[in-house]
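>>> model the structure of this input:
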Amino acid sequence: MRVLRGLAMVLEFRPHPGYFNMAERYTINMITPTTKDWTCKVQVVDKSRPRDNKDKTTKYQVLIPQDEEENQVQATIFSTDITYFENKFAPFKTYLVSVAHVKEPPLGYENTLNKFIWTLDKNTIVEPLEEVKPPENPLPPPTRLALTTFDTFEYQSKEFEFGIYKFI
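Next up, the predicted model:
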């Protein structure tokens, strides 16, 4: 916030409608910590509920975005940014994402999806595909899903978390 002669002025970055058309399009596997001005077309194939870290000092939420080549990456949202994004990243909806922080995971937090992880915060630009001009086609449903029929579910303890999506 900047104060000029007694007036408060809040500066907020809002991308102009053509922003995503100007940024270079990449797939998830092409994006590294040194990649600049990138945009990636993704759909969320998994989204955990918000939870506390081991020390119970920070809340976080994990998403798994998947691109058009079905490459995946772990993306994490922390603290107040969770509520900022609560109406974004609906499962299997397509989004254009830019300006996420890309880094190597800390020791002990490596994952098998990708060499890097993304952190999403208020500076990350997320635009639902239906708002993009000119219009684009959404990503097709993923083909690499582990599907289980309802009659094969067994008892699960309270600590075990899994997601259920209904496909018709």
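
>>> what residues are up against the closest residue to F116 other than its chain neighbours?
Closest residue to F116 apart from its sequence neighbours, by C-beta to C-beta, 6 or more residues apart in numbering: V102 at 5.2 Å. For glycine as for every other residue, the C-beta is placed from the backbone atoms N, C-alpha and C. By C-beta atoms under 8 Å, 6 or more residues apart in numbering, the contact set of V102 is 31-33, 35, 116-118.

>>> if any of the residues you listed are buried, give me the PyMOL selection for them.
In PyMOL, a selection of the buried entries from these looks like this (16 or more other C-beta atoms under 10 Å):
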select buried, resi 31+116+117+118
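
>>> tell me which two of the contacts of V102 sit farthest apart.
Within those, T35 and I117 form the most distant pair, 13.9 Å apart (C-beta to C-beta).

>>> returning to that earlier point: closest one to L63 out of the contacts of V102, please.
Nearest to L63 out of those is W118 (C-beta to C-beta; 8.7 Å).

>>> name the helices or strands packed onto the one helix or strand the closest one maps to?
For W118, the host element (DSSP states H and E) is strand 117-120. Judged by 3 or more C-beta pairs under 8 Å, 6 or more residues apart in numbering; DSSP states H and E, strand 117-120 is in contact with strand 74-78, strand 101-103.

>>> correct me if wrong: H101 contacts D81.
No. Using C-beta atoms under 8 Å, H101 is not in contact with D81; the gap is 11.2 Å.

>>> can you give me the buried ones in stretch 56-76?
Going by 16+ other C-beta under 10 Å, stretch 56-76 has these buried residues: 59-68, 71-76.

>>> Q72 contacts K115, correct?
No. Applying C-beta under 8 Å, one finds Q72 not in contact with K115, separated by 11.9 Å.

>>> what do H101 and D81 both touch?
Common neighbours of H101 and D81, using C-beta under 8 Å, 6+ apart, are 120-121.

>>> so the two - more neighbours on which side?
More crowded of H101 and D81, by other C-beta atoms under 10 Å: D81, with 19 against 15.
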